[in-house]
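*Asks:* Sharing a sequence plus its predicted fold:
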4 protein chains.
Amino acid sequence: MGRPPVESTEFPAWVDLPVEWNHLDAFGHVNNTHYIRWFESARVAYLQRCGLIEWMAADPAGPILASIECHYRRPLHFPDTVRIGARVCELGRTRLVLYHIVYSLEEGQVVADGRSHVVLFDYSRQRPTRIDPQYRRQIESFEATAVPIEEAAN
Amino acid sequence: MGRPPVESTEFPAWVDLPVEWNHLDAFGHVNNTHYIRWFESARVAYLQRCGLIEWMAADPAGPILASIECHYRRPLHFPDTVRIGARVCELGRTRLVLYHIVYSLEEGQVVADGRSHVVLFDYSRQRPTRIDPQYRRQIESFEATAVPIEEAAN
Amino acid sequence: MGRPPVESTEFPAWVDLPVEWNHLDAFGHVNNTHYIRWFESARVAYLQRCGLIEWMAADPAGPILASIECHYRRPLHFPDTVRIGARVCELGRTRLVLYHIVYSLEEGQVVADGRSHVVLFDYSRQRPTRIDPQYRRQIESFEATAVPIEEAAN
Amino acid sequence: MGRPPVESTEFPAWVDLPVEWNHLDAFGHVNNTHYIRWFESARVAYLQRCGLIEWMAADPAGPILASIECHYRRPLHFPDTVRIGARVCELGRTRLVLYHIVYSLEEGQVVADGRSHVVLFDYSRQRPTRIDPQYRRQIESFEATAVPIEEAAN
């Protein structure tokens, strides 16, 4: 895997979350597990703002998380606020890949990035299913609204 | 990234942890973030049993987590107990890669696997530093004690 | 509220959970929030072993947590294993109170205790409802099986 | 313990935190443990804004959490933002009690409240120690700045 360069700093969806005191571990840094939770919050923000949240709740098919990866680039301290971006970087037939960054507002720097691989799964047939062309178009239009993470405003 | 095949089911270190009711999310499955915490508990178990825990606490150099990846293969339910294995699958000059699996004792199956990339970091000089030959030998001896995950006993 | 004396060390239900490294906060002690999660795991263990877990899943009435309290008596360190007990200390018409202790196996001491106030709630009518005599009898019989926490075995 | 009436809705310190999707449990409500974490974030905000954060870091004496209680009044859903207030409701010789509410901005209602009992502890002598008159005055002045929670602005 290694640690590839940061791939993008422009995002159509993001969420701002404060670092909380109890995110710190015994080393005084934000523990690595919180970044994974932040990725999830950014994925959910993406689905909401893209108008796909009903997709998540849909029956019988819904998105499931197949894989995740995170590259930790700098330690995070308390207090700080992180802005976590989400963009679709690959849109396949039955799956999509989201790219995320975690940007520290305090330090003005990317502190972590990574990817979530999401598969559209048909629970009734217990297998991946094709992403509907309507959702595909919604995602493409939404991606066109990306802005630089440091200029994003809530 | 994709989802590669399970790479090994033999491990020198593992930890058994119960699935707790509040690990479930609104879909009734264990939320993805808990697997990342379990990987950490398995890494710490590795360092303890390999006799390297003092390394983790050492000054001025200590291991830092550079990257993580997790492949979710099957959903996990409550109640269950997971056995999380850790083995070193790459041992570089300044870094090591651990391979992990999450094995459900209830289902007798691997439900997730992944890797942690750990770098030995010299805090005083703010850069990666060479893994001492003594630690390298300790890791190699410890790896030779690997047993099949389903036969591992506490 | 203050800090009352430990009220009981005999319990019909308990669960053993390891302290994990990332339960530690920046002070190197297990963060206070984990005890509340442990209480929940002990409540669920109580419902399971008492044969009331179906009650928890029942429709239209189910138990809801009304109040919680926890008294922190000693700091907890890593590594350790905690045994968390649950017993019913009050059984009202529509509610029951569980008493919990957190016992450190490493230190052989009670490190925290507290109570959970649970109300049986009828979701269809949006109000508390009477605890069925059958459940009441099951609880009373189960309470009679209490054993000293330090002798409890899994 | 029971569930006493809400005691105050005016606070000198508060923090706004979003409900995140993975705070939901298998019932689709925010799990009870998150409220306890929110209380902690409000306590830390109190210490910061009151100018007492250095007190928390001070050596050899620092505040330790002795007891906590929380009354759950209404379920919380996603999405929402909670505003958590903290005020000192008792100021003793060696301890202080903070009162907290959790207010849902979405619903415009108090969804939970509770108390944290904090003791000033001298680690070198392993016993509670007197709260310095200077801190006492700082707390009293800060309390005088309380505003209604629904009008609080960040």
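*Replies:* Received, thanks.

*Asks:* Taking chain A, what residue is nearest to chain B?
*Replies:* Using C-beta to the nearest C-beta, the single residue of chain A nearest to chain B is residue A:69, 4.0 Å away. In this view, the C-beta of every residue, glycine as well, is placed from N, C-alpha and C.

*Asks:* quick one, phi psi at that residue?
*Replies:* Note on residue A:69: its backbone torsions stand at phi -140, psi 150 [degrees, to the nearest 10].

*Asks:* again, but for residue A:139
*Replies:* phi -60, psi -40.

*Asks:* ok, now how distant is the closest residue to it other than its chain neighbours from residue A:96?
*Replies:* Nearest non-adjacent residue to residue A:139, counting by C-beta to C-beta, 6 or more residues apart in numbering or on different chains: residue A:88, 5.5 Å away. In this view, residue A:88 and residue A:96 are 5 Å apart by C-beta to C-beta, to the nearest Å.

*Asks:* Report the set of residues contacting both of the two.
*Replies:* Residues touching both residue A:88 and residue A:96 (C-beta atoms under 8 Å, 6 or more residues apart in numbering or on different chains) are residue A:139.

*Asks:* Tell me how many other residues surround residue A:95.
*Replies:* 19 (other C-beta atoms under 10 Å in any protein chain shown).

*Asks:* If it is in a bridge, with which residues?
*Replies:* residue A:119 (DSSP bridges).

*Asks:* what residues are up against it?
*Replies:* Going by C-beta under 8 Å, 6+ apart, the list of residues near residue A:95 reads A:66, A:117, A:118, A:119, A:120, A:128, A:131.

*Asks:* Which one of the residues you listed sits in the busiest neighbourhood?
*Replies:* residue A:118 (25 neighbours).

*Asks:* Neighbours of the closest residue in space to residue A:128 that isn't next to it in sequence, how many?
*Replies:* Excluding the flanking residues, the one nearest residue A:128 by C-beta to C-beta, 6+ apart is residue A:94, at 4.0 Å. Using other C-beta under 10 Å, residue A:94 is surrounded by 15 other residues.

*Asks:* what about the nearest residue to residue A:75 once chain neighbours are set aside, neighbour count?
*Replies:* Nearest residue to residue A:75 in three dimensions, chain neighbours excluded: residue A:29, at 4.3 Å (C-beta to C-beta, 6+ apart). Neighbour count of residue A:29, defined by other C-beta under 10 Å: 18.

*Asks:* list the contacts for residue A:29?
*Replies:* A:75, A:76, A:77.

*Asks:* got the contact list for residue A:48?
*Replies:* A:13, D:79.

*Asks:* any idea of the pLDDT on it?
*Replies:* What the model reports for residue A:48 is a pLDDT of 92.

*Asks:* just residue A:61 next, same as before
*Replies:* 80.

*Asks:* now do residue A:123
*Replies:* Residue A:123 carries a pLDDT value of 82.

*Asks:* do residue A:58 as well
*Replies:* The per-residue pLDDT reported for residue A:58 equals 62.

*Asks:* Run a quick check on residue A:102 versus residue A:112, I expect a contact.
*Replies:* Yes: applying C-beta atoms under 8 Å, one finds residue A:102 in contact with residue A:112, separated by 4.2 Å.

*Asks:* The helix or strand in which residue A:15 is found pairs with which strands?
*Replies:* Element membership for residue A:15 (DSSP states H and E) is strand A:13-18. Using DSSP bridges, strand A:13-18 pairs in its sheet with strand A:81-91 (antiparallel).

*Asks:* Using CSV, write down the CA coordinates of the strand it pairs with.
*Replies:* Extracted in CSV, the C-alpha atoms of strand A:81-91 (Å, rounded to 0.1, in the frame of the first residue of the first chain):
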residue,chain,number,x,y,z
THR,A,81,-11.6,21.2,14.2
VAL,A,82,-11.3,18.9,11.3
ARG,A,83,-13.0,19.3,7.9
ILE,A,84,-13.4,15.9,6.3
GLY,A,85,-14.1,15.8,2.6
ALA,A,86,-15.6,13.1,0.4
ARG,A,87,-15.6,12.8,-3.4
VAL,A,88,-16.3,9.9,-5.7
CYS,A,89,-13.0,9.0,-7.4
GLU,A,90,-14.2,5.8,-9.2
LEU,A,91,-17.7,5.0,-10.4
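
*Asks:* Where is the longest helix in chain A?
*Replies:* helix A:33-49 (DSSP state H).

*Asks:* that older thread, most neighbours, which of the contacts of residue A:29?
*Replies:* residue A:76 (21 neighbours).

*Asks:* dump the residue contacts of that one.
*Replies:* A:19, A:29, A:30, A:82, A:102, A:104, A:111.

*Asks:* Kindly report the same for residue A:150.
*Replies:* A:9, A:103, A:108.

*Asks:* ok so, going back, now do the shared contacts for residue A:102 and residue A:112.
*Replies:* Joint contacts of residue A:102 and residue A:112 (C-beta under 8 Å, 6+ apart) are residue A:35.

*Asks:* what are the phi and psi values for residue A:106?
*Replies:* The phi/psi pair for residue A:106 (degrees, to the nearest 10) is phi -70, psi -40.

*Asks:* Residue A:7 too?
*Replies:* phi -90, psi -30.

*Asks:* can you check residue A:72 too?
*Replies:* According to degrees, to the nearest 10, residue A:72 has phi -90, psi 120.

*Asks:* thought it was touching residue B:66?
*Replies:* Yes: counting by C-beta under 8 Å, residue B:66 is a contact partner of residue A:72 at 6.0 Å.

*Asks:* shaky segments in chain A?
*Replies:* A:1-2, A:55-59, A:154 (pLDDT under 70).

*Asks:* who in it is up against chain C?
*Replies:* A:21, A:22, A:24, A:25, A:26, A:28, A:31, A:33, A:78 (C-beta under 8 Å from any C-beta of the partner chain).

*Asks:* If we use 10 Å, what do you get?
*Replies:* A:21-29, A:31-34, A:78 (C-beta under 10 Å from any C-beta of the partner chain).

*Asks:* Same list (those residues) but as a markdown table, adding secondary structure.
*Replies:* Below are the residues of chain A next to chain C laid out as a markdown table (DSSP: H, G, I helix; E, B strand; the rest coil):
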| residue | secondary structure |
| --- | --- |
| A:21 | helix |
| A:22 | helix |
| A:23 | helix |
| A:24 | strand |
| A:25 | coil |
| A:26 | coil |
| A:27 | coil |
| A:28 | coil |
| A:29 | coil |
| A:31 | coil |
| A:32 | coil |
| A:33 | helix |
| A:34 | helix |
| A:78 | coil |
